[in-house]
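here you go, sequence then predicted model.
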Amino acid sequence: MSSAEIRIAAPGCVLDGILTTVGAGDALVLFAHGSGSSRHSPRNREVASVLNAAGIGTLLFDLLTPEEEREDRVTAHLRFDIPMLAARLVAATQWAQSHGAGSHGLAIGYFGASTGAGAALIAAARLRETVHAVVSRGGRPDLAGSDLALVAAPTLLIVGARDTAVIELNQAAYDRLHCEKDLVLVPRATHLFEEPGTLAPAAALAAEWFRRYLLGRTATRAAGAERDTGLGTRPFHDRSEAGRFLAQFLAKYAGKPDVVVLGLPRGGVPVAYEIARALRAPLDVFVVRKLGVPGHEEYAMGAIASGGVRVLNREAVDELGIPQRVIDEVAARELHELERRESAYRDGRDTAPLEGRTAILVDDGLATGASMRAAIQALKKRNPARVVVAVPVGAPAICKSLQRDVDEVVCAITPDPFRAVGLWYDEFGQTTDDEVHDALARAAAEIPRPNHEAQSGFRASPGGRAQ
């Protein structure tokens, strides 16, 4: 373990900090202190020492410059400028990524206290792919406002049992978080956890949370994303291998003339191709497009799918106050892309008839389930006799929740914590339009469709859409 005084360039200023690295330096927690505090906060330093003992690096830094601190002691206005503090935390995170990454990449967490918790959650919302865990101690997560709905990192809210006003604020914030979350009350503690014997359990809770979501993540990546697949501990090499593995769980559908395999583009199609070959079933593509929140496009406010179906995440839409006009504009753009893909992928081939058949919907993994739910609703409008969802890997809660919507859900593995689909593949590059087109063309040539399809009445338009 080693510590060093460092300086961080942030927008319009330079901030002082203390960086402590432990072991390989793969996990780092950045501290966002509360109002009137600094990198020298004795409570944060005590928590940091517990994290260091658990094998986690820490970065304590000043959110304000010395000049700003002097001004804030008089006016107390800068400590509540949460957007500014969040921007500085983002800058510190970027600095850490460029200076402190270990050999397997840096797993980053935030520890926020008091008003710093609001800044930490805003920064986590803006760095959804970078921040992997958040802990708030006696925090004001409510100050994150509408950004709460955008936080993806598992979030732990720790509150003193005697901090009545803040308990209510944390409960309200907890209800607005859509990520994995927990809220824990520490007995006898007030807002600052100054009572004897109250800070230690809070620090232990934080260490356990970060151990689970930071050290667990880096250990998984260092070992090649190992997990128990039932065939030994190894990652999927790529989507093709995942499809061959998943096909074993669908063997009961092999050779049945009423089965059709539908891949969700783009990543689901290589998986679906291997399943279609194994089952000797026709392969088709079922196009779904996410409706991203403007300015936070990685966060889905809904989706559209083949068949003119639109699915909205009503909770997110209401939480963020997204007007219908904006939803319609995003949907119109995505509809254009959806129609382009349907035409390009099928290359004039008929769409597979689905009425009265068993349709197996396939993707390369399930994270939020938004695209799959849109596909399910669209598919049901085509009147299949049975709907099966099949993925190589999925978040346990999402796989379970989908069971209410379809006849069968097959998730080959359901790791916990799940984190992201890409962590369970060695190779997870983006599938191209050409690869989707070629997979469908190969399947059309290799897998003969049952004879009754010739009399199905389905035909293709010049663009490949069913009439």
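Structure's in. What do you need?

residues of the longest helix belonging to the chain that come out buried?
Once the chain is assigned using DSSP state H, the helix that runs over the most residues is helix 324-346. For helix 324-346, the neighbour count (16 or more other C-beta atoms under 10 Å) marks V326, I327, V330, A331, E334, L338, E339, R341, E342, S343, Y345, R346 as buried. Backbone N, C-alpha and C define where each C-beta goes, glycine included.

for stretch 418-431, same thing?
F418, R419, A420, V421, L423, W424, Y425, F428, T431.

what is the mean pLDDT for that stretch?
For stretch 418-431, mean pLDDT is 81.

report the distance from it to the chain centre.
12 Å (C-alpha atoms, centre = their mean, to the nearest Å).

what's the first-to-last distance across that stretch?
From its first residue to its last, stretch 418-431 covers 22 Å (C-alpha to C-alpha, to the nearest Å).

for stretch 34-43, same thing?
Start-to-end, stretch 34-43 (C-alpha to C-alpha) is 11 Å.

mind giving me the packing neighbours of the longest helix of the chain?
strand 283-285, strand 288-293, strand 296-305, helix 433-446 (3 or more C-beta pairs under 8 Å, 6 or more residues apart in numbering; DSSP states H and E).

can you give me the pLDDT of K381?
In this model, K381 carries a pLDDT of 81.

where in this protein is pLDDT low?
For the chain, the stretches with pLDDT under 70 are 24, 35-37, 72, 75-79, 100-105, 216-235, 295-300, 306-307, 419, 448-467.

could you list the domains of it?
2-222, 239-455 (automatic domain parsing).

quick one on the thing from earlier: what's in contact with the longest helix of the chain?
265, 284-285, 287-292, 294, 301-302, 304-306, 310, 312, 317, 433, 436-437, 440, 460, 463-465 (C-beta atoms under 8 Å, 6 or more residues apart in numbering).

filter these down to the buried ones.
Applying 16+ other C-beta under 10 Å to the contacts of helix 324-346 flags 265, 284-285, 287-292, 301-302, 304-306, 310, 312, 317, 436-437, 440, 460, 464 as buried.

of all the helices and strands packed on helix 324-346, which lies closest to D62?
Among those, the nearest to D62 by C-beta to C-beta is strand 296-305 (28.5 Å).

name the next helix or strand downstream of that closest one, please.
strand 309-312 (DSSP states H and E).

note down every partner strand of that next one and its orientation.
Sheet partners assigned to strand 309-312 using DSSP bridges are listed as strand 296-305 (antiparallel).

please, where are all the helices along this structure?
42-53, 66-75, 82-99, 115-126, 164-176, 199-210, 216-222, 239-247, 268-279, 314-320, 324-346, 370-380, 396-402, 433-446.

ok now the first one, how far from the chain's centre?
Which is helix 42-53. 28 Å.

and that helix, what does it pack against?
By 3+ C-beta pairs under 8 Å, 6+ apart, helix 42-53 packs against strand 27-32, strand 57-61, strand 107-113, helix 199-210.

could you give the angle of that helix to helix 199-210?
Here helix 42-53 runs at an angle of 50 degrees relative to helix 199-210 (axes from the mean of the first three to the mean of the last three C-alpha atoms, to 10 degrees).

list the buried residues in helix 42-53.
So, applying 16+ other C-beta under 10 Å, buried residues of helix 42-53: R43, N44, V47, A48, V50, L51, N52.

tell me what angle it forms with strand 57-61.
Angle of helix 42-53 versus strand 57-61, following the same axes, to 10 degrees, is 160 degrees.

repeat that for the longest one.
Put simply, helix 324-346 runs at 150 degrees to strand 57-61, going by the same axes, to 10 degrees.

by how many degrees do helix 324-346 and helix 268-279 diverge?
40 degrees.

show me how far helix 324-346 is from its chain's centre.
Counting by C-alpha atoms, centre = their mean, helix 324-346 comes out at 23 Å from the chain centroid.

neighbours of the closest residue to E427 other than its chain neighbours, how many?
Spatial nearest neighbour of E427, excluding adjacent residues (C-beta to C-beta, 6 or more residues apart in numbering): D238 at 4.4 Å. If you count neighbours by other C-beta atoms under 10 Å, D238 ends up with 16.

quick one, what contacts D238?
P270, Y425, D426, E427, F428.

let's see 10 Å
D238 sits next to P270, V271, D364, Y425, D426, E427, F428, G429 when contact means C-beta atoms under 10 Å, 6 or more residues apart in numbering.

those residues into TSV, with extra columns for distance to A395?
Converted to TSV, these look like this (distance: C-beta to C-beta, whole Å):
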residue	distance to A395
P270	21
V271	17
D364	13
Y425	15
D426	20
E427	21
F428	16
G429	22
